[in-house]
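Student: sequence? don't have it. structure:
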């Protein structure tokens, strides 16, 4: 967990950046649906985000990075790291049947959102920096099945993305 204190209207607010826990997936899906409701002409419902997570074979709740308020614990900003294995084709052997596919671990960033009341404070920037750190360094645990170190990273943006 990373604690950040920001100035807001003459007072300070403490935020915590952390990975989501398994029992928070439903609340996170509801949060995303609420935030994207104002951003898209046909906004996806919470079930879209839940299904998107559930159908990901590489899903890890802690790779959904969230900012929560320290006082309430409510999610106010989120971004998701997608772990994928990207095939680079064969390793160059001439016999197709015995040629192993070469693949690399890739990370994608998507579903970046911040609630209206907490925008323009740099929370998404902090989450993106945290996500990039995780993709570069891994999650520093000894369990190779949950290692997050990634060789390539990408940011997905909607076609109409603007700053």
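Tutor: Perfect, I can see it now. Just so it is clear, the structure is predicted and the values come from calculations on it, not from any experiment.
Student: Residue 43 is in what secondary structure piece?
Tutor: Using DSSP states H and E, residue 43 sits in no helix or strand.
Student: I'd say it and residue 34 touch.
Tutor: No: checked against CB atoms under 8 Å, the pair residue 43 and residue 34 is beyond contact range at 9.1 Å. Yep, even glycine has a C-beta here, placed from its N, CA and C like the rest.
Student: Strands of the protein, residue ranges please.
Tutor: 2-8, 11-19, 64-69, 75-90, 101-114, 152-155 (DSSP state E).
Student: Can you tell me what sits against the lengthiest helix in the chain?
Tutor: Secondary structure assigned by DSSP state H gives helix 123-137 as the longest helix of the chain. For helix 123-137, the external contacting residues (CB atoms under 8 Å, 6 or more residues apart in numbering) are 2, 4, 15, 17, 63, 65-67, 76-79, 81, 107, 109, 112-114, 148-150, 153, 155.
Student: Residue 38 is nearest to which of the strands of the chain?
Tutor: strand 101-114 (10.2 Å; CB to CB).
Student: List the strands paired with the closest one, with their directions.
Tutor: Next to strand 101-114 in the sheet, as set by DSSP bridges, lie strand 75-90 (antiparallel), strand 152-155 (parallel).
Student: neighbours around residue 51, how many?
Tutor: 13 (other CB atoms under 10 Å).
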